[in-house]
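Novice: return a 3D structure for these sequence lines:
(chains A and B)
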Amino acid sequence: GQSLEQPSEVTAVEGAIVQINCTYQTSGFYGLSWYQQHDGGAPTFLSYNALDGLEETGRFSSFLSRSDSYGYLLLQELQMKDSASYFCAVRPSNQGGKLIFGQGTELSVKP
Amino acid sequence: ETGVTQTPRHLVMGMTNKKSLKCEQHLGHNAMYWYKQSAKKPLELMFVYSLEERVENNSVPSRFSPECPNSSHLFLHLHTLQPEDSALYLCASSRRQGAEKLFFGSGTQLSVL
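Specialist: Prediction:
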């Protein structure tokens, strides 16, 4: 089957850099996505990696290595508002377009 | 605002009640989804609709019944639920089925007593 593993919690301080890892077990997939969800809010799309390598969008970057079955979300210049849950997700190529999510990483940014 | 609106935001119901969750998207998308989010667990896909036709039913108990009257509206009808069904129910939409970018609503927090 398919599964994604993420750390359940990460804590960092304002201004720091934090990396949230996502390892997966799936035979083939179209790409790796990341979503952010603030407490009580809607998950919002952050990034998508179809190919190996680094994708940068402002303070956030996302990385994918298919050979290592591994990806990460990198958050730079952390701000208090970045405190939220972060989910990685893949779309396996043999499941008709279904999006599989990890269990989420709760990021706490401290002053 | 994501363009996807869910009502109600909170719902408390007894096991013998019948209630409905509503989702509306103003984005002109062709695919809509219901997800269940329980604490410390991955989002679980429940149903997928593409162009108003159900294309996926993820082994969801029959006490959950979806309805998609048009491409902008999605309902989840609930009856004789169990306490373990208490969770956050999220609606999402995308331009087409299989698109990577989903737009989620803020969800309905459901408590079954």
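Novice: so for stretch A:102-111, mean pLDDT?
Specialist: Per-residue pLDDT values over stretch A:102-111 give a mean of 95.
Novice: for stretch A:48-66, that is, sorry about that
Specialist: The pLDDT scores in stretch A:48-66 average 94.
Novice: what comes up buried for that stretch?
Specialist: A:Tyr48, A:Asn49, A:Glu55, A:Phe60, A:Ser61, A:Ser62, A:Phe63, A:Leu64 (16 or more other CB atoms under 10 Å in any protein chain shown). No exception for glycine: its C-beta is placed from N, CA and C like everyone else's.
Novice: of all those, which two lie farthest apart?
Specialist: A:Phe60 and A:Leu64 (14.1 Å; CB to CB).
Novice: for A:Thr23, give me the pLDDT.
Specialist: 94.
Novice: all helices of chain A, in order?
Specialist: Counting by DSSP state H, chain A forms no helices at all.
Novice: which bits of it sit near chain B?
Specialist: Contact residues, chain A versus chain B (CB under 8 Å from any CB of the partner chain): A:4, A:8, A:30-31, A:33, A:35, A:40-45, A:48, A:87, A:91, A:96-104.
Novice: how about the strands in the chain?
Specialist: No chain specified, so I'll use chain A. With strands called from DSSP state E, chain A shows them at A:3-5, A:9-13, A:18-25, A:29-37, A:44-49, A:53-57, A:60-65, A:70-75, A:84-92, A:100-101, A:105-110.
Novice: that's the wrong chain, I meant chain B
Specialist: Assigned by DSSP E, chain B shows strands spanning B:4-7, B:10-13, B:18-25, B:31-37, B:44-50, B:53-57, B:64-70, B:73-79, B:87-94, B:103-104, B:108-112.
Novice: among those, which is nearest chain A?
Specialist: Between chain A and the strands of chain B, the tightest spacing by CB to the nearest CB is seen for strand B:103-104, at 4.2 Å.
Novice: tell me what the closest one is packed against?
Specialist: strand B:87-94 (3 or more CB pairs under 8 Å, 6 or more residues apart in numbering or on different chains; DSSP states H and E).
Novice: okay, now the sheet partners of the strand it packs on, with direction.
Specialist: strand B:31-37 (antiparallel), strand B:103-104 (antiparallel), strand B:108-112 (antiparallel) (DSSP bridges).
Novice: show me the contact partners of the second one.
Specialist: Under the criterion CB atoms under 8 Å, 6 or more residues apart in numbering or on different chains, residues A:35, A:42-45, B:2-4, B:25, B:27, B:29, B:35, B:90-94 lie in contact with strand B:103-104.
Novice: in ChimeraX, how would I select the buried members of the residues you listed?
Specialist: Filtering those down to the buried ones (16+ other CB under 10 Å) takes a single ChimeraX command:
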select /A:35,42,43,44,45 /B:2,4,25,29,35,90,91,92,93,94
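Novice: picking that back up, mean pLDDT lowest for which of the strands of chain B?
Specialist: If you rank the strands of chain B by mean pLDDT, strand B:53-57 sits at the bottom with a mean of 81.
Novice: hey, C-alpha coordinates of that one in PDB?
Specialist: Extracted as PDB, the C-alpha positions of strand B:53-57 are listed here (Å, rounded to 0.1, in the frame of the first residue of the first chain):
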ATOM      1  CA  GLU B  53     -21.000  12.200 -11.200                       C
ATOM      2  CA  ARG B  54     -19.600  10.100  -8.300                       C
ATOM      3  CA  VAL B  55     -16.300   8.700  -9.400                       C
ATOM      4  CA  GLU B  56     -15.000   7.300  -6.100                       C
ATOM      5  CA  ASN B  57     -16.500   5.900  -2.900                       C
END
